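> I need the structure of the sequence given here:
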Amino acid sequence: MLPSSRARRAGLAAAAVAIPVALAYRFAQVYRVRAGYPRRHEPVWTPEALGLPFQEVAVPTADGLSLPGWYLPAGEARAPGIALVHGWESARDRTLPHAQFLHAAGYHVLALDVRGHGTNEPEALPISVGEFAADATAAVRWLAGRAEVTRVGLLGHSMGAAGALVAAAAEPRIEAVVAVSTPADPYRLTRQTFRLVELPIPSLLAWPLAWLTTRVFLRPRGHTVGGVSAAHAVRAISAPVLLVHGDEDPIVPVGHLVRLASIRRAARPAAVTQTLVVHGGHHSWLYEFGIFRARVARFFAESLGGPLDPDVAARAAEAVPAARLPEPERLTALDDEPGGVRSLLRVFRTQTPTTSTDVPDPEARP
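Numbers count the residues shown, from 1 in each chain. Predicted structure coming up:
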């Protein structure tokens, strides 16, 4: 074979590898911008709407932020405190039904807006489970500093649940965790978003693309995949954990609970690992089920030592008519996606992508 022919073939082979990789990397960059910056929705309701006493508070974070929150004291008695961590593109008012039944069971409660959400300013870098974990930790430390709070538990939903588990793996003051509708790991979460917008990507390609996309997504803040993975965190948590999921969850399928429970029980057979699958439950609003309210209140009473007997706490929580509060329609980033082939084609537009809050991608090129 002539040297020129060999060189030509080598060049074609290199191009055959380089072009798909370049397209995949471009996809990952655009995904990071579209999926990394939440639409902020300021709270519509306050605890006053549910007749709950509260104080406006500011929760400091380790990196210098001040997160707005509500503190709902259970009178002046010393009792455990529960921090509530909302999910993606949500805000503290959507945790109020949780606060309602937990307050009835005798707990001090703290609800806050995670950075980049609610009344916080938009973030310059993409947000992941790592930021939810950092703010969950800040909430726990704030509660632990209250003289009337004896012990501290966490309840998180969706991304907030993953953040709660990651926080509990590193913060010893977290003595009980309830994780609701939790994505098991960032790979599966990224892969699921491909499905939600019906991107026409075969599974054989979708998994390696999710692998690359996840790493590109996390790079600006320096997170590792293991560092933001609930599946990794549950191996390290010594505190009791209750995993809850709806069996009809279309956003994060119930298989994520099965995976988390299996991993934790294998890694920590002596630790408390409880699960609850709510039949007929979807991704959100599981607090509308009496079995959910009773089980969560009982779990915290058993794990944190009161303030009520577990049976009494369960009955008190179950009796609360917790229900979602009316709110205006909240558009999300997924609502802007046309879905299918059209979403895939939008990835390869030549203009620099921007977010709904006009925050530029830190690696975008004009």
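
> dump the residue contacts of residue 162.
Applying CB atoms under 8 Å, 6 or more residues apart in numbering to residue 162 gives the contacts 129, 132, 133, 156, 179, 182, 183, 228, 229, 230, 233. For glycine as for every other residue, the C-beta is placed from the backbone atoms N, C-alpha and C.

> which of the residues you listed sits closest to residue 314?
Using CB to CB, residue 179 comes nearest to residue 314 of these, at 19.0 Å.

> if we can go back for a sec, out of the contacts of residue 162, which sit inside strands?
Members of the contacts of residue 162 lying in strands (criterion: DSSP state E): 156, 179.

> any chance of the contacts of residue 162 in CSV, with distance to residue 113, neighbour count and pLDDT too?
CSV is the format used below for the contacts of residue 162 (distance: CB to CB, whole Å; neighbours: other CB atoms under 10 Å; pLDDT from 0 to 100):
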residue, distance to residue 113, neighbour count, pLDDT
129, 17, 30, 97
132, 12, 30, 98
133, 15, 30, 98
156, 14, 33, 98
179, 20, 30, 98
182, 20, 31, 98
183, 20, 27, 97
228, 20, 26, 97
229, 24, 25, 97
230, 21, 32, 98
233, 23, 29, 98
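
> adding distance to residue 82, write the contacts of residue 162 out as CSV.
CSV is the format used below for these (distance: CB to CB, whole Å):
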residue, distance to residue 82
129, 20
132, 16
133, 17
156, 11
179, 13
182, 17
183, 22
228, 23
229, 24
230, 19
233, 19
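
> of the contacts of residue 162, which belong to helices?
Among the contacts of residue 162, the members found in helices (DSSP state H) are 129, 132, 133, 230, 233.

> distance-wise, check the last one relative to residue 130.
In other words, residue 233. Distance of residue 233 to residue 130, computed by CB to CB, to the nearest Å: 11 Å.

> the spatially most central residue of the chain: what's it in contact with?
Centroid-nearest residue in the chain, with CA atoms, centre = their mean: residue 159, separated by 0.7 Å. Neighbouring residues of residue 159 by CB under 8 Å, 6+ apart: 87, 88, 129, 132, 183.

> so what's the second one closest to, chain neighbours aside?
Same thing as residue 88. Spatially, and ignoring its direct neighbours in sequence, residue 88 is nearest to residue 159 (4.5 Å; CB to CB, 6 or more residues apart in numbering).

> can you map out the helices along the stretch 101-250 of the chain?
129-144, 159-168, 186-196, 203-218, 230-233 (DSSP state H, counting those that start in this stretch).

> do you know which of the ones you listed lies nearest residue 150?
So among the helices of the stretch 101-250 of the chain, helix 129-144 is nearest, using CB to CB, at 9.6 Å.

> which helices and strands does that closest one pack with?
Judged by 3 or more CB pairs under 8 Å, 6 or more residues apart in numbering; DSSP states H and E, the packing partners of helix 129-144 are strand 55-60, strand 66-72, strand 79-85, strand 108-112, strand 149-157, helix 159-168.

> point out the most buried one among these.
Compared across the helices and strands packed on helix 129-144, helix 159-168 shows the largest average neighbour count, a mean of 31 (mean count of other CB atoms under 10 Å).

> what angle do that helix and helix 129-144 make?
Helix 159-168 runs at 70 degrees relative to helix 129-144, counting by axes from the mean of the first three to the mean of the last three CA atoms, to 10 degrees.

> how far is helix 159-168 from where the chain is centred?
Between the centre of helix 159-168 and the centre of its host chain there is 7 Å, according to CA atoms, centre = their mean, to the nearest Å.

> and the angle for it with helix 186-196?
Going by the same axes, to 10 degrees, helix 159-168 makes 180 degrees with helix 186-196.

> tell me the mean pLDDT over helix 159-168?
Regarding helix 159-168, the rounded mean pLDDT is 98.

> got it, and stretch 323-340?
pLDDT averaged over stretch 323-340 gives 65.
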